[in-house]
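[1] Everything below, folded, please.
(one chain, ligands or ions: 2)
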Amino acid sequence: MGGCPVNVWIPEFIKLVAAGDFAGAYDQIKATNNLPAVCGRVCPQEIQCEKFCARARRGEPVAIGRLERFVADWNLTNRPLKAEAIPSNGKKVAVIGSGPAGLSCAADLAKAGYQVTIFEAFHVPGGVLMYGIPEFRLPKALVQKEIDALKQLGVTIETNMVIGKVLSLADLTEAGYDGVFIGSGAGLPSFMNIPGENLNGVYSANEFLTRINLMKAYQFPETDTPVKVGKRVAVIGGGNVAMDAARCAKRLGAEEVYIVYRRSEEEMPARLEEVHHAEEEGIIFKMLTNPTQIIGTEDGWIKALACVKMTLTEPDESGRRRPVEKPGSEHQFEVETVVVAIGQSPNPLIKATTTGLDTHAWGGIIVEEETGASSLAGVYAGGDAVTGAATVILAMGAGKKSAQ
Ligand code: FAD
Ligand code: SF4
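    Ligands and ions are numbered 1, 2, ... in the order given. Down below sits the predicted model:
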């Protein structure tokens, strides 16, 4: 339990699974985790709950995540949603963003009798669960069921509402909301700032995955949004986002898909399982390789990626090994598409349109650790908007904390 950011009662729920009481097991998990079907699939269990499992010391840990996933899926199939009549406490709260932070905050507030309205910029709620993580890892119908469950609790979701454009945060306070939670995530992609990054065929991972997952570009022209995937695709980065982009490119017909990462496999931040699946699907890993230029054709399309090889220094005081360039290792290989997946930071829109909201220089909203309270009275924040790109379960934990 100590390894789970929302303290799921792991021994209790597993005992109930063993006894065949799946409904009881579900209720046990749900007491602290609002999105078990999601967490069972995407939590990095190997560094969280399963890392601390006593059995892990002598082999493989108990598959806590898989059990959680099973129980949640069983519940979705066998126990139909029922609208819950919760007595109102007469207070209303606005939640900005409908990713795991916003959804989890809204659920806890609704259960406590608050009238909650979620304002979501996109036309579909769910945040990264809908627009980022691909269908083959997290079925969208399942996320939709979780959102439907939230609506059954009486939460209203207003889509196409970009706070900072359509309404400002001050407008929400003026509209009589007693509190505001900002869960606007980290949707601003970072780029490498190398020559050729503005060529046709270069995508940020965010744009690439949004076109595919949210706008269903794989069904184009039946859908409105296309995505152009060449025969050879290079995905830059070594996290979950890079693995998702690479595996999507493969599914869209690319013959060769490269992961280009400047450190070694050991330092890759992606979940082990994701790296393993990418390898199984034939993704080619170019480790200790750093792009220096994207080379274009005369008419502005990508032709090749120029890179250098890297070596790692001895660990510094923080234990981290720094990548340094290997002299004379310049080389290039042909690609038609480049997807940049080297990180995201919070979008500056809300900060830019809200007086008195303190943020770090890199964009993260500054909050009190214990409560999620921001520098503005009655305004709380959590998830990637506060921490920068992190995990689903940490975002959910932050949403719960602020609701409290
Ligand atoms: P988000 O999920 O980003 O949601 C924020 C929401 O706010 C979005 O819907 C956005 O449209 C909306 N919004 C933004 N600005 C405004 C505005 N001004 N007004 C109104 N709405 C706004 N984590 C894991 O634990 N496991 C994984 O396997 C994993 N894989 C990932 C794969 C990808 C491709 C990506 C991108 C991330 C992945 N993550 C994973 C990270 C995880 O998804 C995020 O940490 C998590 O979604 C953060 O939740 P959030 O609610 O803070 O923000
Ligand atoms: Fe493990 Fe995530 Fe479930 Fe917690 S929520 S028990 S970390 S799978």
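[2] Please make it C-alpha for all contacts and neighbour counts, starting now.
    Will do.
[3] residue boundaries of the helices in the stretch 151-300 of the chain?
    With DSSP state H, counting those that start in this stretch as the criterion, the stretch 151-300 of the chain has helices at 169-174, 205-209, 240-251, 272-280.
[4] Just tell me which of those helices ends up closest to Arg58.
    Nearest to Arg58 among the helices of the stretch 151-300 of the chain is helix 272-280; the distance by Cα to Cα comes to 19.1 Å.
[5] what packs against the closest one?
    helix 240-251 (3 or more Cα pairs under 8 Å, 6 or more residues apart in numbering; DSSP states H and E).
[6] just checking, what packs against the helix it packs on?
    helix 205-209, strand 232-236, strand 256-260, helix 272-280.
[7] How about the residues of the stretch 51-200 of the chain by ligand 1?
    By Cα under 6 Å from any ligand atom, the residues of the stretch 51-200 of the chain that approach ligand 1 are 96-102, 119-122, 125-128, 132-133, 161-164, 183-186.
[8] swap the cut-off to 8 Å and go again
    Within the stretch 51-200 of the chain, the positions adjacent to ligand 1 are 96-103, 119-122, 124-129, 131-134, 160-165, 183-187 by Cα under 8 Å from any ligand atom.
[9] and what of the stretch 301-404 of the chain?
    Counting by Cα under 8 Å from any ligand atom, the stretch 301-404 of the chain sits next to ligand 1 at 347, 349-350, 382-386, 388-396.
[10] Which of those residues are buried? Put it as a ChimeraX command.
    The buried residues among these can be selected in ChimeraX (16 or more other Cα atoms under 10 Å) with this line:
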select :347,350,382,383,384,385,386,388,389,391,392,393,394,395,396
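[11] ok, now which ones touch whichever residue of the stretch 151-300 of the chain sits closest to ligand 2?
    For the stretch 151-300 of the chain and ligand 2, the shortest gap (Cα to the nearest ligand atom) falls at Arg271, measuring 12.9 Å. Applying Cα atoms under 8 Å, 6 or more residues apart in numbering to Arg271 gives the contacts 44, 46, 239-240.
[12] ok, back up a step: need the winner for burial among the helices and strands packed on helix 240-251.
    With neighbours taken as mean count of other Cα atoms under 10 Å, the helices and strands packed on helix 240-251 reach their highest mean count in strand 232-236, at a mean of 27.
[13] quick revisit: pull the most distant pair out of the contacts of Arg271.
    Glu46 and Gly239 (15.0 Å).
[14] Now for whichever residue of the stretch 101-250 of the chain sits closest to ligand 2: which residues touch it?
    When scored by Cα to the nearest ligand atom, the stretch 101-250 of the chain has Ser104 as its residue closest to ligand 2, at 12.5 Å. With contact set as Cα under 8 Å, 6+ apart, Ser104 has these partners: 34-35, 396-397, 399-400.
[15] 10 Å instead?
    By Cα atoms under 10 Å, 6 or more residues apart in numbering, the residues touching Ser104 are 33-35, 98, 110, 150, 183, 393, 395-403.
[16] List, one by one, the residues from the chain near ligand 2.
    Within the chain, the positions near ligand 2 by Cα under 8 Å from any ligand atom are 1, 3-10, 29, 33, 36, 39-45, 48-50, 64-66, 68, 393.
[17] For PyMOL, write the selection for the buried entries among the residues you listed.
    Only the buried entries of those go into this PyMOL selection, using 16+ other Cα under 10 Å:
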select buried, resi 3+4+5+6+8+9+10+29+33+36+39+40+41+42+43+44+45+48+49+50+64+65+68+393
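[18] So the residue of the stretch 101-250 of the chain closest to ligand 2, which state does it fall into?
    Under the three-state scheme (DSSP: H, G, I helix; E, B strand; the rest coil), Ser104 adopts helix.
[19] Pro291: what's its closest spatial neighbour, skipping adjacent residues?
    Excluding its sequence neighbours, the residue lying closest to Pro291 (Cα to Cα, 6 or more residues apart in numbering) is Cys307, at 4.1 Å.
[20] Next up, identify which helix or strand the one you found is on.
    Taking DSSP states H and E as the criterion, Cys307 maps to strand 302-312.
[21] I'd like the mean pLDDT over that strand, please.
    Across strand 302-312, the average pLDDT comes to 97.
[22] Partner strands of the helix or strand just after that strand, with direction?
    Per DSSP H and E, the first helix or strand lying C-terminal to strand 302-312 is strand 323-325. Here strand 323-325 has these sheet partners by DSSP bridges: strand 302-312 (antiparallel).
[23] starting at the chain centroid, how far to the partner strand?
    In terms of Cα atoms, centre = their mean, to the nearest Å, the centre of strand 302-312 is found 27 Å from the chain centre.
[24] what do you get for stretch 170-183?
    25 Å.
[25] Show me what counts as buried in that stretch.
    172-173, 177-183.
[26] Over to stretch 13-29?
    Buried-residue list, stretch 13-29, by 16+ other Cα under 10 Å: 13-14, 16-17, 22-26, 28-29.
[27] Between the two ends of that stretch, how far is it?
    This stretch, stretch 13-29, spans 7 Å end to end (Cα to Cα, to the nearest Å).
[28] Alpha carbons of the lengthiest helix in the chain, as PDB, please.
    For the chain, the longest helix by residue count, based on DSSP state H, is helix 64-78. What follows is helix 64-78, C-alpha atoms only, in PDB (Å, rounded to 0.1, in the frame of the first residue of the first chain):
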ATOM      1  CA  ILE A  64      -1.700  -6.100  -8.300                       C
ATOM      2  CA  GLY A  65      -2.400  -3.900 -11.400                       C
ATOM      3  CA  ARG A  66      -3.800  -6.800 -13.400                       C
ATOM      4  CA  LEU A  67      -6.100  -7.800 -10.500                       C
ATOM      5  CA  GLU A  68      -7.300  -4.300 -10.200                       C
ATOM      6  CA  ARG A  69      -8.000  -4.100 -13.900                       C
ATOM      7  CA  PHE A  70      -9.900  -7.400 -13.800                       C
ATOM      8  CA  VAL A  71     -12.000  -6.300 -10.900                       C
ATOM      9  CA  ALA A  72     -12.800  -3.000 -12.500                       C
ATOM     10  CA  ASP A  73     -13.700  -4.600 -15.900                       C
ATOM     11  CA  TRP A  74     -15.900  -7.200 -14.100                       C
ATOM     12  CA  ASN A  75     -17.700  -4.400 -12.300                       C
ATOM     13  CA  LEU A  76     -18.300  -2.400 -15.500                       C
ATOM     14  CA  THR A  77     -19.900  -5.500 -17.100                       C
ATOM     15  CA  ASN A  78     -21.800  -6.900 -14.200                       C
END
